[in-house]
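S.K.: A structural model of the following input is requested.
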Amino acid sequence: MGIEADFSLEAFEQLMNAIPDIIASEIVRAFSYLGEQCVRRVRDRSAQESWIDQTGNLRSSIGYAVYEDGRVLIESAFEQVGSGTQGGSEGRRLVEELASKYSETYALVIVAGMSYAEYVEAKNNKDVLASTELWARSKMNEYLERAKERAENKVRQLQKQLGL
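M.R.: Residues are numbered from 1 along each chain as shown. The predicted structure is shown next:
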């Protein structure tokens, strides 16, 4: 008794080759969206909720990056706040510096690039990144679950297109 597949090996190979790219793009999409939300949460708070800007550099240095195996895939804009011209460049520098720490994984990193960010948080008892980190950790599984669902839907659509 012989059993034959009713689809082509080429179509099956095409599907198998596409799956890792679909998964990767959905992970990056989820991390990027979460990163944008984190930046908004930190930068858009009032002085009473966070800290009083002197130069705008600290708020300008707030941003995020999405890494894949040590490479920066996506980086936030580090938009200038007030006269904080130094903040954006310090945020970008920190993003590049941290890339090597995430050489074997996908990662979302939120940064406050100014060297005194820790001081503002610890010594002045002001919230720079702490509450946003906790919030992001609480949302991560939800965002990755949605990414998984989107990836599964895309794989099913591709299966149909390929006649599998």
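S.K.: tell me where the model's unsure across the chain.
M.R.: Low-confidence segments of the chain (pLDDT under 70): 1, 4-7.
S.K.: show me the longest helix that occurs in it.
M.R.: Looking across the chain with DSSP state H, the single longest helix is helix 9-43.
S.K.: Arg92 and Gly113 touch, don't they?
M.R.: Yes. Using C-beta atoms under 8 Å, Arg92 is in contact with Gly113, at 7.4 Å. C-beta: built from backbone N, CA, C; applies to glycine.
S.K.: hmm, Ser46 and Asp53 touching each other?
M.R.: No. The criterion here is C-beta under 8 Å, and Asp53 misses it with Ser46 at 10.5 Å.
S.K.: the more surrounded of these two?
M.R.: Just comparing Asp53 and Ser46: by other C-beta atoms under 10 Å the higher neighbour count belongs to Asp53, 15 against 8.
S.K.: output the contacting helices and strands for the longest helix of the chain.
M.R.: strand 62-68, strand 71-75, strand 106-112, helix 130-162 (3 or more C-beta pairs under 8 Å, 6 or more residues apart in numbering; DSSP states H and E).
S.K.: near the residue nearest to Ile74 when sequence neighbours are not counted, how many other residues are there?
M.R.: Distance criterion C-beta to C-beta, 6 or more residues apart in numbering; nearest residue to Ile74, sequence neighbours excluded, is Val66 at 4.3 Å. For Val66, the count of nearby residues is 25 (other C-beta under 10 Å).
S.K.: now Trp51
M.R.: Residues within reach of Trp51, counting by other C-beta under 10 Å, total 19.
S.K.: and Lys126, helix, strand or coil?
M.R.: In three-state terms, and counting by DSSP: H, G, I helix; E, B strand; the rest coil, Lys126 is coil.
S.K.: surely it and Tyr119 touch.
M.R.: No. The pair Lys126 / Tyr119 is not scored as a contact, 9.6 Å apart, by C-beta under 8 Å.
S.K.: show me which of the two is the more surrounded one.
M.R.: Shown here are Lys126 and Tyr119; by other C-beta under 10 Å, Lys126 has more neighbours (17 against 12).
S.K.: which ones are touching the more buried one?
M.R.: Ser50, Trp51, Val120 (C-beta atoms under 8 Å, 6 or more residues apart in numbering).
S.K.: which ones are touching the first one?
M.R.: The reference is to Ser50. Ser50 is in contact with Val42, Lys126, Asp127, Val128, counting by C-beta under 8 Å, 6+ apart.
S.K.: any idea how far Ser25 is from the residue nearest to Ile74?
M.R.: To Ser25, Val66 is 11 Å away according to C-beta to C-beta, to the nearest Å.
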